[in-house]
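One predicted model, sequence on top.
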Amino acid sequence: MVSDKQPELTPELLAEIERKYDPETAFRPTGKQIGMVISAVLVTMSVYHFYASGFGLIRELLHRGIHLSFVLGLVFVLFGWRKEDGTEPRAGALRFQGVPWLDIVFSIMAVGAALYLPLLPPEIVAERVGNPSQSDVLMGTALLILTLEATRRSVGPTLPIIALLFICFALFGPLMPGALKHGGASWLGLINHLYMTNQGIYGVAIGVMAQYVFLFILFGVLATRIGLGQLFIDLAMVIAGRYSGGPAKVAIFSSAFMGTISGSSIANTVTTGALTIPAMKRVGYPAHFAAATEATASTGGQITPPILGAAAFIMVEYLEIPLRDVLAAALFPALLHYFGIFIMVHLEAKKLGLRGLRAEELPKAAVVLKEHWLSLIPLGILVYLILSGKTPDYAAVYGIIACVVVGFLNPVNRLTIPDLWDSLASGAKNTLAVGAAAATVGVVVGVVTLTGVGFRLGYVVVQTATDIGAFVGSIWPLSYFALEQWALFFSLVLIAVSCIIMGAGIPTTATYIILVAVAAPALAQLQVQPLVSHFFVFYYGVLADITPPVALAAYAAAGIAGSNPFKTGNTAFRLGIAKALVPFVFVYSPALLLVADGFTWGAFTVTLAGAMMGIASLGVAFSGFLFAPLRKFERWWVAIASFLFIAPGLITMGIGMLAILPVVVLQLRAKKRAPLAEA
C-alpha cells in the first residue's frame, strides 16, 4: 500500500521522479571531462540549428542528415543500454568516464551512417535512387539498425517493435491475410525506399524536427529560464488561489499557462506540481486527487497554442496549411479541456467543503507583474510573428533572440553567459528522444507509402465499423440512425481506442503520425475533413499520458504526492474525460475548429455551448455532486444525457437540457434539506 505522506520535494527528488517516469530524460551520468565534451556538442547542436533555420541556406537532405547525426550520436552516449544502466559512473577497462566504449563506437557509426548519403553530391544521390550501390545498402542497413536501437534506449521498446512489425509486413507481403496481402519488397528495395528517398528515415518527421521543433523546444527552455514559467505560476495563484479549492484551480491555470511554452506533459507535471500538489493536499484534497489534477492539467500543454507539441508542426507539413490555422483550430478544444477539469475540481471542492488559499499565502499581482513583465515580451513577439503569417522557424528564431536580450537586460532572473550555455545544452538534450522517435516513425511511414498499407488498414477499419453499425442499427430504437452514421461513430471509436493503446508507451508525435496513416484514409472514406481527422488522432494520442496502465504523467504526479500510482491514473482519466469527448464533438461539428470548411459563427456558438453543457454534465456525473451528493441513478441519468451534446444542435441540446432538468430540481430540493457550509 502506498502512503499518502508528503515526501520532501527536494530538487534532487523532482529530478529523479522525472527521470523515473519520463524515459526521454533518463540520461546516464558521466565523468567530468567527457561531460564537458558532451555539453560542447549539445551547445554546438543548438547554435547550428539556430543558424541553419534563421540565416543559413542548407540543402534539405544535408540539414536533415546533420540533425540526425547529432541526435543519434548523442543518444548512444547519453542513454544506457538499460534504463537502470549507469546509475553511477563505473570505471573499468570497457568504460570511459561512465560511457561504455561500445556505445562510443555506436555513436561514431551512427554519425557516419547518418551523414554518408547527405554528404554525397545531389546528382549522385539522384542517380542511385532505385539502384543503390552495395555501400548504400550497407550504410542504410546500419542506419536503420542504429536508429531502432537509439529509439529503444531513449523512448522505450514499443515504437521500435512497431517499426519491426511494419518492416516484416513489407518483406512478407505475399503471406499477409485478406486485404493486407501485397506483392512484398526485397531488402534492397526496402532500404532504397527508407534510406535513399525522402519517404523514410529522412522524411517529413525528421525534417520537421530539424526545421521547427528543435527551435520551439529551445525557446521554451530559454523562456522558462528568464522567468516566464514563474510568472505563469504566480499569476495563476493571483487569479484562482483565493477561491474554494484554490490550489487545484491554480494547478489548472498554471498548467494552461505553462502549456503555452512547453509541450511536455511530464516536465509540466514536475515543474508546476512541486508547488500545487502539496498546496492541494494542505487544503484537504486527497493525495491521489491532487496528483491527478496536476497530471491532467499538464497534459494540456501538448494541445495549447502557441507551442503545442511537435505533432502540430507535422500537421502543418501534412496538410500544407499555415501554423496560425493549426493554432486557431487548437484554441477552443484546449480551452474545453481545461474547462472540464475546472468543473470537476470545483465540484470536488464543494463536495468536500474545501477552502481557498489565505491572503498571506498568495503573491501580490502588482509585485508579480513588476518583477516579471519583461519575460512576456518574447512570447508576445513569437505569437505576433506567427499570427502575421511568418513561418514557424522565423518566429522561433526571433523569439529566441528576444529571450536572450530580455535575459541579459532583466534585473530579475538575469541571464549570464554560463546560464545561456546551460540553456543551449538543455534545449538540445530535450530534443534527443523525440528526434530518435521521429527517425523511427519515418521507417513506419516509409513502409506505409511503399506498400499502401494505410489505405488497406483504413478499408479494414471502415468495413469493421460498418459491420458493427449494421448489427447495432438493426435494434429498435437504434434503427432510427442511418447505417452511415453508425459506420462513422464506430470508426471513430475504433480509431480512438487504437490511439490510446498505441500511445501507451510511445510519444504523442509518433502515435499521431502512425495512426493518421490509418485514420486519414478511413475517415476520408466517411467524408470527414482532413484537418478534423488529424486533430481527432492528435487528441487521443495525448490522452494516453493519463490513461492507465501506462499513464506516465499521472505516475510522475503520484511520485510527488506520495499517492497510489494506479489510483492516480484512474482519477486522472476521469478528470480528463472532456479530452475524450471533445474530438467527437468537432468531428460532428467542425465549426469548433474555427478554420474548418463550412465554418459559421452560428454553428460555432451552438457547438461551443453544447460542448460546454456536455462536459459540465459529464463532470457532474463523474463527481457525483451538483448542489448536493447525487444518488446512483441520478449520476447514470446525467451521464447518459450528456452524450446528447456530442453532435451539437439546437434540438439535441434542448432534449439534453430537458433530460437533465429533473435532476437539477431534485438537487435543489436536496440542498434545501441539507445545506452545505460554504468554504
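Done, it's in. Residues are numbered from 1 along each chain as shown.

For the strand or helix carrying residue 250, give the mean pLDDT please.
According to DSSP states H and E, residue 250 maps onto helix 246-258. The pLDDT scores in helix 246-258 average 82.

next one: that helix to chain centre, how far?
Counting by Cα atoms, centre = their mean, to the nearest Å, helix 246-258 is centred 18 Å from the centre of its parent chain.

Break the chain into its domains for me.
31-197, 212-429, 600-679 (automatic domain parsing).

how about the ones you listed in JSON lines, adding mean neighbour count?
For the C-beta atoms, the positions are set from N, CA and C on the backbone; glycine is no exception. Output for these, formatted as JSON lines (neighbours: other Cβ atoms under 10 Å):
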{"stretch": "domain 31-197", "mean neighbour count": "18"}
{"stretch": "domain 212-429", "mean neighbour count": "22"}
{"stretch": "domain 600-679", "mean neighbour count": "17"}
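
any chance of those domains in a markdown table, plus distance to residue 511?
Converted to a markdown table, the domains of the chain look like this (distance: least, Cβ to Cβ, whole Å):
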| stretch | distance to residue 511 |
| --- | --- |
| domain 31-197 | 9 |
| domain 212-429 | 8 |
| domain 600-679 | 23 |
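
can you tell me which of these comes nearest to residue 582?
Evaluated over those, closeness to residue 582 peaks at domain 212-429, with 5.0 Å, by Cβ to Cβ.

quick revisit: check which helices and strands the helix holding residue 250 sits against.
Judged by 3 or more Cβ pairs under 8 Å, 6 or more residues apart in numbering; DSSP states H and E, helix 246-258 is in contact with helix 228-240, helix 265-283, helix 287-299, helix 323-352.

how about TSV for the ones you listed, with mean pLDDT and distance to residue 361 added?
Listed next are the helices and strands packed on helix 246-258 as TSV, based on pLDDT from 0 to 100; distance: least, Cβ to Cβ, whole Å:
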stretch	mean pLDDT	distance to residue 361
helix 228-240	83	8
helix 265-283	80	8
helix 287-299	88	16
helix 323-352	88	16
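
nearest to residue 203, of those helices?
Taking those one by one with Cβ to Cβ, helix 323-352 is closest: 19.5 Å.

and the closest one with helix 287-299, angle?
Orientation check (axes from the mean of the first three to the mean of the last three Cα atoms, to 10 degrees): helix 323-352 against helix 287-299 gives 160 degrees.

Centre of the chain to helix 323-352, how far?
The answer for helix 323-352 is 16 Å, by Cα atoms, centre = their mean.

same for that helix, what does it pack against?
For helix 323-352, the contact count by 3+ Cβ pairs under 8 Å, 6+ apart identifies helix 246-258, helix 287-299, helix 310-319, helix 376-387, helix 530-543, helix 565-575, helix 577-588, helix 601-623 as packing neighbours.

just so I know, which of the ones you listed lies nearest residue 202?
Among those, the nearest to residue 202 by Cβ to Cβ is helix 310-319 (13.7 Å).

follow-up on the earlier one: can you put the helices and strands packed on helix 323-352 in TSV and add distance to residue 428?
What follows is the helices and strands packed on helix 323-352, written out as TSV (distance: least, Cβ to Cβ, whole Å):
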stretch	distance to residue 428
helix 246-258	21
helix 287-299	23
helix 310-319	15
helix 376-387	19
helix 530-543	24
helix 565-575	31
helix 577-588	31
helix 601-623	39
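
what separates the most centrally placed residue in the chain from residue 267, distance-wise?
By Cα atoms, centre = their mean, the chain has its centre lying nearest to residue 302, at 4.1 Å. Distance of residue 302 to residue 267, computed by Cβ to Cβ, to the nearest Å: 11 Å.

same question, residue 60
30 Å.

go on, residue 614?
On the measure of Cβ to Cβ, residue 614 and residue 267 end up 31 Å apart.

now do residue 450
When residue 450 is compared with residue 267 (using Cβ to Cβ), they lie 36 Å apart.

same check, this time on residue 100
From residue 100 to residue 267 the distance is 28 Å (Cβ to Cβ).

cool, and residue 363?
Distance from residue 363 to residue 267, by Cβ to Cβ: 23 Å.

Ok, residue 28 next?
19 Å.

for residue 65, same thing?
28 Å.

same thing with residue 615?
Distance, residue 615 to residue 267, by Cβ to Cβ: 26 Å.

Residue 599 now?
34 Å.

Spatially, what comes nearest to residue 183 if we skip its sequence neighbours?
residue 173 (5.7 Å; Cβ to Cβ, 6 or more residues apart in numbering).

Hmm, residue 189 and the one you found touching each other?
No: with contact defined as Cβ atoms under 8 Å, residue 173 does not count as touching residue 189 (11.1 Å).

and the residue in the chain sticking out farthest from the centre, what does it touch?
Centroid-distance maximum for the chain: residue 673 at 45.7 Å, with Cα atoms, centre = their mean. Contacts for residue 673 (Cβ atoms under 8 Å, 6 or more residues apart in numbering) come out as none.

how much space between it and residue 347?
From residue 673 to residue 347 the distance is 19 Å (Cβ to Cβ).

What of residue 641?
Using Cβ to Cβ, residue 641 is found at 17 Å from residue 347.

Then residue 600?
Distance, residue 600 to residue 347, by Cβ to Cβ: 33 Å.

ok, now residue 515?
Distance, residue 515 to residue 347, by Cβ to Cβ: 33 Å.

gap between the host helix or strand of residue 653 and the chain center?
If you go by DSSP H and E, residue 653 is part of helix 650-673. Centroid separation for helix 650-673 versus its chain: 36 Å, with Cα atoms, centre = their mean.
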